[in-house]
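[1] Any chance you could fold what I've pasted below:
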Amino acid sequence: MDEALQETLRQFVNDEQRRTSALLSSGYQGSAYLYETGDTRLVIKEAAGGLLTGWFHRLMLRREAHVYQLMAGLPGVPHSPGMLDDAFLVLEFIDGESMKEARHGLVDPPAFYDRLREVISSFHALGIAHGDLKRKDNVLVVAGERPVVIDFGTAVTRDRSLFDRLMFRLVRRFDYNAWIKNKYDGDYDAISADDLRWYRPTIIENGFRQLRRFWRTITFRQARKRRRHARKKSG
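    Okay, here's the model as predicted:
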């Protein structure tokens, strides 16, 4: 990141009123702000403070910055100019709609999900697994129904240690299983023969699924879900 941009962004983050008015989102891990001037639109992520958790959130933000460095130039993910003063992560602003909101209006869903799988495979090839793709807000649909994967705050990397490699393999499976879940809207009986090769649920996921099914059964949500899928097939 060049010095001129750094100084401009410092002025922005130090102006509390301006920063507050540009708030995009806020949560327990931190906040995100939209910086825009002329043709430049950037997202600035700030780690949440706190006496006990602030150091951990800042560590996670620096890890996320490292992940974006590894993915520099990769299509389907935001570009990052880097960290600002080791306290803020600067990202390209992606103009798109979340998959959660846009998925039912897709003109060509199979093509979109094929492109999404290609994006996922591309950062897997770099030794990066996302880990939170079941959350549909972490995929944006941009012009031309192209997917962009965002928010690598929980990503893991395939580093040198055995633990890192094992975690990468596990989370990589999470990513593909999440892709299947999103593509088929949780209707696992509808998975095509070709897509079954991407779906290998882990023991952890199977355990959580059994708990969800039990909860949905006793609250009658499971019956409503079956009726919804039946209407989709008949319609």
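[2] Every contact and neighbour count from this point should use C-alpha atoms.
    Fine.
[3] The residue nearest in space to the middle of the chain - nearest residue in space that isn't next to it in sequence?
    With distances taken as C-alpha atoms, centre = their mean, residue 138 lies nearest the centre of the chain, 3.2 Å away. Closest residue to residue 138 apart from its sequence neighbours, by C-alpha to C-alpha, 6 or more residues apart in numbering: residue 150 at 5.2 Å.
[4] Run a quick neighbour tally on the one you found.
    Per other C-alpha atoms under 10 Å, the neighbour tally for residue 150 reads 18.
[5] ok, it touching residue 140?
    Yes - the pair residue 150 / residue 140 is scored as a contact, 7.4 Å apart, by C-alpha atoms under 8 Å.
[6] Pull the residues that contact stretch 172-190.
    Contact partners of stretch 172-190, identified using C-alpha atoms under 8 Å, 6 or more residues apart in numbering, comprise 113, 116-117, 120, 124, 129-134, 136, 191, 195, 198-202, 229.
[7] In it, which residues are buried?
    Of the residues in stretch 172-190, 172, 173, 174, 175, 176, 177, 178, 179, 180, 181, 182, 183 count as buried by neighbour count, 16 or more other C-alpha atoms under 10 Å.
[8] got it, and stretch 65-85?
    For stretch 65-85, burial by neighbour count (16+ other C-alpha under 10 Å) applies to 65, 67-68, 71, 76-84.
[9] Let's have those residues in a markdown table, adding secondary structure, pLDDT and distance to residue 104.
    Listed next are the buried residues of stretch 65-85 as a markdown table, based on DSSP: H, G, I helix; E, B strand; the rest coil; pLDDT from 0 to 100; distance: C-alpha to C-alpha, whole Å:
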| residue | secondary structure | pLDDT | distance to residue 104 |
| --- | --- | --- | --- |
| 65 | helix | 96 | 32 |
| 67 | helix | 97 | 31 |
| 68 | helix | 97 | 30 |
| 71 | coil | 97 | 29 |
| 76 | coil | 97 | 21 |
| 77 | coil | 98 | 22 |
| 78 | coil | 96 | 24 |
| 79 | coil | 96 | 27 |
| 80 | coil | 96 | 30 |
| 81 | coil | 94 | 33 |
| 82 | strand | 94 | 35 |
| 83 | strand | 95 | 36 |
| 84 | strand | 94 | 38 |
